[in-house]
Every structure is written in structure tokens, then in C-alpha cells.
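[1] build the 3D model from these lines:
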Amino acid sequence: MEAEPPTKVRKQLSGFRQAKRQDSKAFELEPDAEEPNQKYTLQRAQADTVDAQADASQRGQVHSADKRHQLKRQPTVEDVVQEPGLSSAEDLLSDQNLHSTLRLATGTMSWKWLRRLPPALQCQRDLGKLSDPVRASALEMCKASLQCLLTDEAKAVAWLTKTAASLGWYELEGPTRGPEEEENEVRKVREWNEAYRSLWLLLRQGALPAFCIEAERFSVMVFGDGGGTWTSPANGQQVKPSRSEPCAILWPSSRELRSMLQENHVYFDMPHMPPRTLQRQTSAADAPKCSAGDGTSTAATNALVPLAKGSKGMEVENSVSQTRQDLLELRRDGERAKAPGDGDYDFAKTKSALCFQGAWRVHLLVNVLRQHFLGHPMSSAVKMPPKLPKLLAPGPFANSTVKSVQVVRVARCPGNEGGAGDMEFIAELRGRLFPTQIRMFLELLRVILPKFSCEFTSPPRNGPGTNAFTQLEQRRIEKVHCEKDGSAAWKWQFRVG
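    Numbering: from 1, shown residues only. Here you go, the predicted model:
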């Protein structure tokens with residue numbers, strides 16, 4: 001005699017039979033007129049039900065996945081890094097650094113002609129006043145190295161003159177002042193002051209597109225008419241300096257320098273920062289905040305010399321403010337001192353660039369810096385540097401000296417493709433070239449070369465922080481490749497880093 005099934009198994013079988021009878025009754029109440037075979041119709045109805053449930057489940061999963069994808073793809077200000085749209089020679093002006101080294105490469109012809117440029121062309125700015133010996137030397141150079149330009153001698157001389165002008169600049173080295181002011185030193189300082197004043201006047205008159213002030217701890221780039229056009233990363237608008245609306249970029253700035261400018265009513269703008277950084281800046285301001293409980297402050301506990309706990313928070317706050325003023329005075333004198341609260345918000349070098357937009361702001365900046373360099377008494381003045389800054393410009397100014405790039409190396413080496421017959425001609429130039437000069441020189445190379453590339457190197461003092469107010473933001477242009485395609489159009493490819 002067989003054993004009776006367990007209770008659990010009987011319940012499962014009973015539930016299965018009951019569900020089957022209910023399905024059969026439901027089918028009998030709503031028969032399918034098009035299908036006489038009830039078994040097939042029931043299977044199809046069940047299959048449709050399963051498919052509907054699967055579609056609903058799939059739609060729910062897709063909706064959940066889309067929702068998770070949207071939440072995951074919501075960009076934050078810190079994570080979004082937009083690549084700058086660089087596609088033409090005009091975009092070369094978005095890099096506002098002074099370039100010190102150029103590395104040229106092409107597979108068309110040698111760069112030896114750069115060493116044969118007539119020195120007289122570097123000082124000739126007016127094409128109509130070239131003397132006959134200068135023209136003769138320019139044509140002789142073309143016959144020796146650039147025979148492709150001899151189809152039109154007048155255009156050849158004009159091309160060489162513009163090329164020499166793009167590879168030269170003017171500068172005045174700042175004199176070093178000793179403890180005793182001798183007559184020679186006083187004369188040099190007076191000449192430097194005249195040159196400094198002439199830069200601003202020439203820029204406002206449209207004779208200079210830009211000039212640079214290279215101090216010991218920072219540099220200032222001032223742009224005027226023809227200084228370039230770039231896109232502001234804060235609002236996406238085009239910025240084009242002019243004679244009436246110049247623009248200046250100071251980098252890097254220190255806390256003492258910003259305090260000196262503010263107390264002398266020189267207003268400036270700082271780079272656009274993420275909201276978290278701004279929140280951290282506002283929550284940890286320079287002025288220490290005392291807590292109401294114990295009468296102490298965060299700045300007091302983090303100071304180099306901890307302050308004694310007072311009975312009143314206001315007394316401790318005044319003590320912290322006085323300590324900060326004393327430490328700032330030490331820093332103005334050249335001592336390395338950290339004031340309370342310096343760690344709350346750290347202005348990195350890439351975030352310490354200052355922008356001065358408009359004639360009034362730039363004029364105040366230039367005037368205040370001149371007084372600071374010359375040691376005039378000022379409010380919250382930083383310690384006067386022992387050496388006056390170097391002045392540079394792409395054109396002549398008072399008491400300046402003309403300079404030209406140095407052709408360090410001209411060589412021929414295997415190309416990047418590695419073929420047996422692929423040879424590449426390279427040249428390395430060193431100097432101090434402005435963005436407008438870089439653009440002019442590369443555009444002139446298109447006359448004699450169908451394809452070439454150029455790598456840029458800037459000194460450490462001219463870091464990427466100078467581009468904080470352009471579409472490059474904290475980057476710089478490292479290399480540019482120019483090539484003519486089949487439709488005789490020029491394509492510019494940029495490498496940013």
C-alpha cells in the first residue's frame with residue numbers, strides 16, 4: 001500500500017488544479033471566434049499575457065535604467081571639461097603666453113634660410129623706405145635659399161620684411177638699484193620710467209597691439225587694438241581688446257598684491273571657479289569667526305602661535321586680526337610667514353590670475369604698479385623689488401632695444417612615419433615672441449610650405465594661469481599643425497595640454 005503524499009505536496013497540487021479550472025472557465029466565458037481550437041487559443045492567450053508582462057517589465061527596467069543613466073550623467077561643474085574649439089589661425093591668440101622656444105618641422109624644404117635673413121630687415125618697419133642695399137641683400141638671399149619667391153621681387157621683399165618683423169621684439173632690461181643711488185643708476189631708472197610710460201601711451205594710440213611687464217614675482221600682459229580675440233569661459237562671449245577698451249592679465253597674484261590693489265582702488269576679476277570652491281571661500285573667509293560657546297576661533301587654534309583663550313570672543317578676534325596684520329607685514333618684507341586662515345582657501349597659481357577690463361582699470365593698474373616698482377609710498381604696499389621689471393613689446397618704444405630670435409638648431413632627421421625616404425627638416429628658435437607675432441609668422445609660412453608643424457614652449461613664469469580668462473582656461477597650446485587639403489583650404493589642428 002502506497003504512502004499518502006505529504007500535506008505540503010497535496011496543497012501544491014490542489015492549488016495547481018484550482019488555478020487550471022479557473023483558467024478554463026475564463027476561457028469558456030470569452031471564447032475566441034477566430035480560433036476553433038480551444039487548446040491553441042488558451043496557449044496563445046497565455047503567451048500574450050506573458051508577453052505583455054515581459055513588455056511591461058522591460059519598459060519598467062528601461063525607465064529605471066534611463067532614470068539611473070540621467071542621474072549618473074548629470075554633470076557637475078567640477079567634472080565638465082569642455083575642449084576648446086580651435087580651428088583657425090585666429091585661435092592662436094587665445095594662448096596669451098610669451099613663447100620662448102619654437103620647434104618647426106616640415107618635409108618640404110630646409111630651414112637654413114632662417115639663418116640668412118638680412119639683419120637690416122629687422123629694423124625696417126616701413127616697406128616704402130627700404131634702401132637699395134637692403135633690397136639687394138634680400139633678393140640675394142631669395143636667390144640662394146627661397147627661389148620660389150622670385151616670381152615677384154616686390155612681394156618677395158615684402159614677405160621677408162614681415163617675416164623678420166614677426167621674429168623680432170623690443171625690450172628694456174630693468175636696472176638693479178643699489179643701497180646708494182649713484183648718478184648712473186638714477187639715469188637708468190629715469191630711462192626705465194620713460195619707457196614704462198611710453199608703453200601705455202603707444203598702446204592707447206594703437207601703435208602697439210600689446211606689451212608685457214615681467215616683474216620678479218609676477219608678469220602682466222596688456223592687450224590693445226589687434227592684441228587678439230578670445231572667448232570668455234564664464235559667459236561664452238567674445239572678448240576683443242581695443243584702444244578704448246584694453247585688457248590686462250596679471251599672473252600669478254599673491255594675497256599681499258591683491259590687498260595692495262584693492263586698497264588703492266584697483267578693481268579686478270578672478271577666474272570662474274566651481275560653486276564648491278566659492279562656497280568654501282565664503283564659508284572660510286579671511287576674517288576669523290569666533291564661536292559663541294567658548295569664545296575661541298578656528299584661526300586662533302590654527303595659528304602658528306596659539307592665542308590664549310579669552311573670556312570674550314571679540315577680544316580674541318581682535319588679537320587674531322592684529323596677528324594677521326603683523327604676519328602680512330613680515331611677508332611684505334620678504335619673510336616666509338603664514339597668516340591664520342591661509343589654509344582655509346588656497347589660491348593656487350592656476351587660480352590666482354587677475355583680469356582688468358576697460359581703460360580705467362588698466363590705467364589704474366599700470367599707474368599703481370609703476371609707483372610700487374619705483375618705491376613710492378602706498379597703502380599696503382608690498383616690499384619694493386631690488387630690480388625693476390623687464391619691459392617687452394612687439395614694436396619699438398622709448399629707450400628700447402631691438403632683439404631677434406636665435407636659430408639654435410637646423411637639422412634633417414627621419415620623419416614620423418618611419419619610411420626610408422621620409423625625411424623631416426626641423427629648426428629650433430629661441431626668443432620672446434608675442435601671440436600676434438606667432439600668428440603672423442605661421443601665416444607667412446603658408447606662402448612657401450604646403451604642410452608644417454610648430455611646437456611651443458613657454459618659460460615657467462608664463463604658465464597656463466595666464467589663459468584662465470580664455471577658452472583654454474588652465475591649459476596652453478602645445479603644438480599646431482597646418483596643412484593644405486585637396487580643395488586648397490588650410491586646416492589647422494591644435495594640441496592642447
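[2] strands of the stretch 301-450 of the chain, residue ranges please.
    Applying DSSP state E, counting those that start in this stretch to the stretch 301-450 of the chain gives strands spanning 354-357, 390-393, 401-404, 406-414, 423-433.
[3] now distance to E245 and mean pLDDT too, for those strands, in CSV please.
    Every residue, glycine included, has its C-beta placed from N, CA and C. Shown next, in CSV, are these (distance: least, C-beta to C-beta, whole Å; pLDDT from 0 to 100):
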stretch, distance to E245, mean pLDDT
strand 354-357, 7, 94
strand 390-393, 19, 96
strand 401-404, 29, 92
strand 406-414, 36, 91
strand 423-433, 25, 93
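[4] please report the distance of R432 from L365.
    As for R432, its distance to L365 is 22 Å (criterion: C-beta to C-beta, to the nearest Å).
[5] please tabulate the strands of the stretch 301-450 of the chain in TSV, including the columns mean neighbour count and distance to A138.
    Shown next, in TSV, are the strands of the stretch 301-450 of the chain (neighbours: other C-beta atoms under 10 Å; distance: least, C-beta to C-beta, whole Å):
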stretch	mean neighbour count	distance to A138
strand 354-357	22	41
strand 390-393	22	25
strand 401-404	14	15
strand 406-414	13	18
strand 423-433	19	20
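[6] output those strands as a markdown table; include the columns distance to M384.
    As requested, those are exported to a markdown table (distance: least, C-beta to C-beta, whole Å):
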| stretch | distance to M384 |
| --- | --- |
| strand 354-357 | 20 |
| strand 390-393 | 16 |
| strand 401-404 | 25 |
| strand 406-414 | 33 |
| strand 423-433 | 25 |
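[7] E483 is nearest to which of the ones you listed?
    Nearest to E483 among the strands of the stretch 301-450 of the chain is strand 423-433 (14.0 Å), distances taken as C-beta to C-beta.
[8] quick one on the thing from earlier: nearest to E90, of the strands of the stretch 301-450 of the chain?
    Set against E90 and scored by C-beta to C-beta, these come closest in strand 423-433, at 17.0 Å.
[9] got the angle between the closest one and strand 406-414?
    Angle, strand 423-433 to strand 406-414, by axes from the mean of the first three to the mean of the last three C-alpha atoms, to 10 degrees: 160 degrees.
[10] buried set for the helix or strand in which M141 is found?
    Using DSSP states H and E, M141 sits in helix 132-145. Within helix 132-145, the residues scored as buried using 16 or more other C-beta atoms under 10 Å are 134-135, 137-139, 141-142, 145.
[11] helices and strands of this protein: which one has the lowest mean pLDDT?
    In the chain, no helix or strand scores lower on mean pLDDT, DSSP states H and E than helix 275-283, which sits at a mean of 42.
[12] low-confidence bits of the stretch 251-400 of the chain, can you list those?
    Along the stretch 251-400 of the chain, segments meeting pLDDT under 70 span 272-351, 379-381.
[13] again, 80 this time
    Scanning the stretch 251-400 of the chain for pLDDT under 80 picks out the ranges 272-351, 377-385.
[14] what's the end-to-end length of stretch 110-120?
    Its first and final residues considered, stretch 110-120 spans 23 Å by C-alpha to C-alpha, to the nearest Å.
[15] picking that back up, can you tell me which of the buried residues of helix 132-145 is nearest V407?
    Distance to V407 across the buried residues of helix 132-145 (C-beta to C-beta) is lowest for S145, with 12.9 Å.
[16] dump the residue contacts of the closest one.
    Shown in contact with S145 (C-beta atoms under 8 Å, 6 or more residues apart in numbering): 110, 112-113, 116.
[17] same deal with A156?
    138-139, 142, 146, 149-150.
[18] go with 6 Å
    For A156, the contact set (C-beta atoms under 6 Å, 6 or more residues apart in numbering) comprises 142, 149.
[19] report the buried residues of the helix or strand containing it.
    A156 belongs to helix 153-166 when assigned by DSSP H and E. In terms of neighbour count (16+ other C-beta under 10 Å), helix 153-166 has its buried residues at 156-157, 159-166.
[20] CA atoms only for it - export them in PDB, please.
    Coordinates of each C-alpha in helix 153-166 appear next as PDB, following Å, rounded to 0.1, in the frame of the first residue of the first chain:
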ATOM      1  CA  GLU A 153      60.600  90.600 -56.400                       C
ATOM      2  CA  ALA A 154      58.500  93.300 -54.700                       C
ATOM      3  CA  LYS A 155      56.300  90.700 -53.000                       C
ATOM      4  CA  ALA A 156      59.400  88.700 -52.100                       C
ATOM      5  CA  VAL A 157      61.000  91.700 -50.300                       C
ATOM      6  CA  ALA A 158      57.700  92.500 -48.500                       C
ATOM      7  CA  TRP A 159      57.400  88.800 -47.400                       C
ATOM      8  CA  LEU A 160      60.900  88.800 -46.000                       C
ATOM      9  CA  THR A 161      60.400  92.100 -44.200                       C
ATOM     10  CA  LYS A 162      57.200  90.800 -42.500                       C
ATOM     11  CA  THR A 163      58.900  87.600 -41.600                       C
ATOM     12  CA  ALA A 164      61.800  89.400 -40.000                       C
ATOM     13  CA  ALA A 165      59.400  91.700 -38.100                       C
ATOM     14  CA  SER A 166      57.500  88.600 -36.700                       C
END
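[21] okay, how far is it across stretch 168-186, tip to tip?
    With C-alpha to C-alpha as the measure, stretch 168-186 spans 29 Å from end to end.
[22] what sits up against it?
    By C-beta under 6 Å, 6+ apart, the surrounding residues in contact with stretch 168-186 are 122, 188-189, 195, 387-394, 396, 399-400, 402-404, 432.
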